[in-house]
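J.: Sharing a model prediction with you, sequence too.
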Amino acid sequence: MDFRLTEEQQMIRRTAREFAERELAPVAIELDKTGEFPWDNWHKMAKQGFVGMTLSPEYGGGGAGLLEFTLVLEELSRVCASTAVILEVHNSLHAETIEHFGTPEQKQKWLPDLATGKKLGAFALTEPNAGSDSAAQQSTAVLKGDHYVLNGLKCFITSGSKADLYLVMAMTDKSKGNKGITAFVVEKDRKGVSFGLPEDKMGIRASIQTDLILEDVEVPVENRLGAEGDGFKIAMTALDSGRIGIGAQALGIAQAALDASVAYAKQRVQFGKPIAELQAIQWKLAEMATDIDAARLLLYRAAWLRDQGGRVSKEIAMAKLFCAQVAMRHTVEAVQIHGGNGYMREYKVERYMRDAKITQIYEGTSEVMKLIIASSLLR
Ligand code: CAA
């Protein structure tokens, strides 16, 4: 067993860290304030080769594994969690899923533009009444000759109105429950596609989420991904990969909180000495560092296992659950270490705390992660 990253993986991590410090850090605070979609960051990530990093070189992708992508997401999230989730959804939930389940024609049609960042992808599963219960889809797709007619309302769609392509799950046969769900690639410019206003959120403020509204949208049969009824498994497979990305996001945020806390504790003087010399602070830092290390080991194991092939939903759920818990717990602790200053926007830790919360909710809540773990134990 070797716990060290390879030379190449270390280089990828270094590149991502330098990129994040150079390109994302100068704009992260402002983006959080304005909630503006970070197109500049997107184009820079595309130029750097992070967009489409895990796609096959045949389609212009980087051919990297999920573990390498995890390192990149972790480093980007350490600086700007909003930017990281845009990349994660595009790559893991959208593009990779097309590569995994698409026909050669579909891959040829969509992947080259997704790999270079010319097109931005989104994932549309959630509905007002289908959140954790994702099988309870109310959107419908009715086959009429050579096309389907889609109707429905998708909500909280990451990159919502900014994306070009949407991976949409809809019911083709309600009587079959989750086996009646089918996946489609829907282009933004199709008649009947519209969007709600961006949600006003607590955190990850620069990654916009909107409703996706489908009104009698005609989609050719060639846009169906997989067979009729495959949609639920396609969505769950996508989410297994995506949840590693959210674990990486949580881990990056937690690491940022620890880094900020160590630096602050060394320079903040109270009772005549830096607070780093107080045992109360040392214990907090020690617990943060230990939990973050444990989270990292769980996460890298999950990514590595997934790269070996086969289904590893339990290990992924454990990693996502723990990384998100650690991010939430220790960003709160980081604010505490910073005292009154930590409550102020000027210090970054309050943003980390706001950004961390969503990692316990999206791409499967912590409760859903426990359900997946327990169902695997009790099978
Ligand atoms: N991979 C492949 N197949 C899977 C799978 C996986 N990870 N998980 C389940 N399946 C299969 C099962 O094997 C089963 O197949 P069979 O019937 O052939 O045996 C079928 O799917 C149904 O599985 P379950 O009985 O476990 O399904 P369920 O209805 O009980 O639901 C659930 C399970 C885990 C609660 C699931 O609904 C779930 O993950 N819910 C959370 C939804 C979610 O994560 N939403 C995120 C939205 S996207 C987002 O947040 C993106 C963003 O903006 C950042």
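T.: On my side now, so go ahead. Computed from a predicted model, the values in this text were never measured in an experiment.

J.: residues contacting the nearest residue to G60 once chain neighbours are set aside?
T.: Once flanking residues are discounted, G60 sits nearest to A115: 3.8 Å by Cβ to Cβ, 6 or more residues apart in numbering. C-beta here means a position set from N, CA and C on the backbone, and glycine is covered the same way. By Cβ atoms under 8 Å, 6 or more residues apart in numbering, A115 lies in contact with 51-52, 55, 59-61, 95.

J.: Pull the most distant pair out of these.
T.: V51 and Y59 (12.3 Å; Cβ to Cβ).

J.: and the two? which has more neighbours close in?
T.: V51 (28 against 20; other Cβ atoms under 10 Å).

J.: quick one on the thing from earlier: alpha carbons of the host helix or strand of the residue nearest to G60, as CSV, please.
T.: In the assignment (DSSP states H and E), A115 maps to helix 104-116. C-alpha atoms of helix 104-116 as CSV (Å, rounded to 0.1, in the frame of the first residue of the first chain):
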residue,chain,number,x,y,z
PRO,A,104,-20.7,7.0,-30.8
GLU,A,105,-22.8,9.6,-32.7
GLN,A,106,-23.9,11.4,-29.6
LYS,A,107,-20.4,11.5,-28.2
GLN,A,108,-19.1,12.9,-31.5
LYS,A,109,-21.8,15.5,-31.5
TRP,A,110,-21.5,16.8,-28.0
LEU,A,111,-18.3,15.9,-26.3
PRO,A,112,-15.7,17.9,-28.3
ASP,A,113,-17.5,21.2,-27.4
LEU,A,114,-17.9,20.1,-23.8
ALA,A,115,-14.3,19.1,-23.5
THR,A,116,-13.0,22.5,-24.6
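
J.: just checking, next helix/strand downstream of that helix?
T.: Immediately after helix 104-116, counting by DSSP H and E, sits strand 121-124.

J.: Find residues that contact each of V51 and Y59.
T.: Here V51 and Y59 have 114-115 as joint contacts, going by Cβ under 8 Å, 6+ apart.

J.: Please tell me how far the residue lying closest to L298 once chain neighbours are set aside sits from L67.
T.: Closest residue in space to L298, ignoring its immediate chain neighbours: A319 at 4.3 Å, by Cβ to Cβ, 6+ apart. Separation of A319 from L67 (Cβ to Cβ, to the nearest Å) stands at 12 Å.

J.: residue ranges of the helices in the stretch 51-200 of the chain, please?
T.: With DSSP state H, counting those that start in this stretch as the criterion, the stretch 51-200 of the chain has helices at 66-77, 81-88, 96-101, 104-116.

J.: pLDDT below threshold where in the stretch 201-350 of the chain?
T.: Applying pLDDT under 70 to the stretch 201-350 of the chain flags no residue at all.

J.: Run through the residues that contact the residue in it that the ligand sits nearest to.
T.: Among the residues of the stretch 201-350 of the chain, M236 lies nearest to the ligand; the distance is 3.3 Å by Cβ to the nearest ligand atom. By Cβ under 8 Å, 6+ apart, M236 lies in contact with S313.

J.: For it, identify the helix or strand it belongs to.
T.: Assigned by DSSP H and E, M236 falls in helix 231-267.

J.: Just want the angle from that helix to helix 81-88.
T.: If you take axes from the mean of the first three to the mean of the last three Cα atoms, to 10 degrees, helix 231-267 sits at 150 degrees to helix 81-88.

J.: quick one: buried residues of helix 231-267?
T.: 231-232, 234-258, 260-262, 264-265 (16 or more other Cβ atoms under 10 Å).

J.: Also stretch 40-54?
T.: Residues 41-42, 44-46, 49-54 are the ones in stretch 40-54 that count as buried (16+ other Cβ under 10 Å).

J.: With pLDDT and distance to D32 as new columns, can the residues you listed be given to me in a markdown table?
T.: As requested, the buried residues of stretch 40-54 are exported to a markdown table (pLDDT from 0 to 100; distance: Cβ to Cβ, whole Å):
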| residue | pLDDT | distance to D32 |
| --- | --- | --- |
| N41 | 98 | 13 |
| W42 | 98 | 16 |
| K44 | 98 | 18 |
| M45 | 98 | 18 |
| A46 | 98 | 22 |
| G49 | 97 | 26 |
| F50 | 98 | 21 |
| V51 | 97 | 22 |
| G52 | 93 | 26 |
| M53 | 97 | 25 |
| T54 | 97 | 27 |
